[in-house]
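[1] Attaching a predicted model along with its sequence, questions to come.
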Amino acid sequence: MKLKYAAAGLAVVLSLAGCQRTSYTGFNSPSPSSALPPLQAQPVPSVQSGQLPPPTADGSQFPAPPAGAAPGTEMANAVPAAAQDITKEAMVGNWRVNNAGSSCDMFLTLTNLGSGSRGGTRGCAGPLTTMGSWEVAGKQVVLKDRNGNVIGRLYKSAEARYDGTTDSGQPISLSR
């Protein structure tokens, strides 16, 4: 029994004998003389204050709009004259989506989510995979991603059919 204590004590003494304090003078430098000197403090210039010039009323600080665009309109918001009225209640449910030659499912609910209603897709590709909400704006159905950014716009073209484009310009249609 005493032999076990003696062996354990000897092991502790040998392991402690191998330990020694080391000090680091630099990352890979063996001597303190090769370490870089500390940086010297630099003076800071004074802060200036003053009044900003008034904004120009003529709008010259803004670039000119693209040629052919009417002020306040966008091409993506253009709704055909034949577009039919839309109600949110008629949109609720499961839809078959055709987008860029592929088809998938879209589910629309009336559950509030941000400024719109909750929606989602299954089996879709491209920007429709990020769909999180939707809303009716005038005669359009606006599809949004999970961050609230518009990813597509549709209008009612027939009783159970909606057509439009994604923001990247791809055609998209919903049907039941």
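    Done, it's in.
[2] Show me what the strand ranked longest in the chain packs onto, helices and strands only.
    The single longest strand within the chain, with elements called by DSSP state E, is strand 102-113. In terms of contacts (3 or more C-beta pairs under 8 Å, 6 or more residues apart in numbering; DSSP states H and E), strand 102-113 is packed against helix 88-91, strand 93-99, strand 116-122, strand 131-137. For glycine as for every other residue, the C-beta is placed from the backbone atoms N, C-alpha and C.
[3] least trustworthy helix or strand in the protein by mean pLDDT?
    In the chain, the helix or strand scored least confidently by mean pLDDT, DSSP states H and E is helix 2-17, which has a mean of 80.
[4] Can you tell me the strand partners of the longest strand of the chain and which way each runs?
    Sheet pairing of strand 102-113 (DSSP bridges) gives strand 93-99 (antiparallel), strand 116-122 (antiparallel).
[5] now that strand: mean pLDDT?
    Strand 102-113 shows a mean pLDDT of 90.
[6] again with stretch 89-96
    What stretch 89-96 shows for mean pLDDT is 91.
[7] Give the buried residues for that stretch.
    Using 16 or more other C-beta atoms under 10 Å as the test for burial, stretch 89-96 gives 91, 95.
[8] Tell me which helix or strand the residue nearest the centre of the chain sits in.
    The residue lying closest to the centre of the chain (C-alpha atoms, centre = their mean) is residue 147, at 6.2 Å. Using DSSP states H and E, residue 147 is not contained in any helix or strand.
[9] Next, find the distance separating residue 170 from residue 124.
    For residue 170, the distance to residue 124 equals 12 Å [C-beta to C-beta, to the nearest Å].
[10] What of residue 38?
    Separation of residue 38 from residue 124 (C-beta to C-beta) stands at 58 Å.
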